[in-house]
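Engineer: Have a look; sequence and predicted model below, questions after that.
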Amino acid sequence: MEKEKNNKLKDSWVTYRPQIKVCDCTIRDGGLINDHNYDEKFVKAVYDTLVSAGINYMEIGYKSSKKLFAPDKFGKWKFCDEDDIRRAIGENKTDLKICAMADTGRTDYHTDILPKEKSVLDTIRVACYIHQIPAALDIVKDATDKGYETTMQLMAISVVQDKELGDGLEVIAKSPVSSVFLVDSFGALYSEQIKNLTTKYLTILEGTGKEVGVHCHNNQQLAYANTIEALILGATRLDATINGLGRGAGNCPLELLVGFLKNPRFHLRPIIECIEKDILPLKAQLDWGHSIPYMITGQLNCHPREAIKLRQSPEKDCYLKFYDQLIE
């Protein structure tokens, strides 16, 4: 009986690995559904939640070029100016690390990313498509030289050829990034593909000291399952958002992930409170989460932009017409 009790205890803690770190992308990825127009009160509420919940990283938005994106057409979290960050969260004297995403080809990183000692930010997450790796590594070098931790988010990996991916990872392996993220941008991947890709990332990056991360979208309601699959195989950097808030079908829900991890560092109650007080009111204003149009784009392995356009139109529930148009 005692042996059986000990085995059950061991099994219940199988997901506890202290090296696992969680990044909440609620403000950054969620900003893609309202042009980054969250007010400071909402950003502060998410920040306070993540501090109380023991989450490791908060991605607060983009460092986007004001030459390419007019500030009067986007909210402040499209640009993440230092004064705006400080007004929302102060100087961040906590263990929570604050990050921003530099999207390759869309950022004036030389000027807009300040030296680390002048910034509230701790980490720059560089996002790129496979053909942009050389340009992305220029951003990585710039941010690293300025004192930041850097990560690489390889986007739309579900449409990348195997050899091309391997060659790209070999190049990234020689860079100073701390981790490389497998990004299922279209929510198209299944567990066996996540298994193969995660194994590939781990194999190529083995011995470099770099960690493997995963960022999943929920078009086929697999974001949570695929995140767990990558975690079990050895990924240690996990992206999620509160209540799955994010572009289109949304992301791996933070509350599900925290409940699964069984890490005493993490606390679920503050996240549930934030969902009730701060996220649910957004449901009346913003459209995200699983729906048939997002499922269709996920199954077809294509960008959800057409589904997003449909969901913003008077014909938002004309599923069959949308399906017929996409398969023609």
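Structural biologist: Yep, that arrived.
Engineer: List the residue ranges of the stretch 1-150 of the chain that fall below the pLDDT cut-off.
Structural biologist: 1-15 (pLDDT under 70).
Engineer: Of all the residues in stretch 72-83, which ones are buried?
Structural biologist: 74-81 (16 or more other C-beta atoms under 10 Å). All C-beta atoms are positioned from the backbone trio N, CA, C, and that covers glycine.
Engineer: hmm, who's touching that stretch?
Structural biologist: Under the contact criterion C-beta atoms under 8 Å, 6 or more residues apart in numbering, stretch 72-83 has outside partners 27-28, 31, 34-38, 43, 60-64, 66, 69, 71, 84, 100, 112, 114, 118-121.
Engineer: In helices, which of the residues you listed fall?
Structural biologist: 27-28, 43, 84, 112 (DSSP state H).
Engineer: nearest to Leu254, of those residues?
Structural biologist: Ile27 (12.3 Å; C-beta to C-beta).
Engineer: quick one: contacts for the residue nearest to that closest one when sequence neighbours are not counted?
Structural biologist: Distance criterion C-beta to C-beta, 6 or more residues apart in numbering; nearest residue to Ile27, sequence neighbours excluded, is Ile60 at 5.2 Å. For Ile60, the contact set (C-beta under 8 Å, 6+ apart) comprises 27-28, 43, 47, 77, 80, 85, 88-89, 98-100, 121.
Engineer: hang on, the earlier thing: in PyMOL, how would I select the buried members of the contacts of stretch 72-83?
Structural biologist: Applied in PyMOL, the following selects the buried portion of the contacts of stretch 72-83 according to 16+ other C-beta under 10 Å:
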select buried, resi 27+28+31+34+36+38+43+60+61+62+63+64+69+84+100+112+114+119+120+121
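Engineer: if you look at the contacts of stretch 72-83, which of them are in strands?
Structural biologist: 60-62, 100 (DSSP state E).
Engineer: Farthest-apart pair in those residues, please.
Structural biologist: Maximum distance among these (C-beta to C-beta): 9.1 Å, for Ile60 and Tyr62.
Engineer: Quickly list what's touching both of the two.
Structural biologist: In contact with both Ile60 and Tyr62: 28, 77, 80, 100, using C-beta under 8 Å, 6+ apart.
Engineer: Return the member of the residues you listed nearest to Ile242.
Structural biologist: The closest of these to Ile242 turns out to be Arg28 (C-beta to C-beta; 12.2 Å).
Engineer: Please identify the pairing partners of the helix or strand harbouring Ile98 and their relative orientation?
Structural biologist: In the assignment (DSSP states H and E), Ile98 maps to strand 97-103. Its sheet considered, strand 97-103 pairs with strand 57-62 (parallel), strand 123-128 (parallel) by DSSP bridges.
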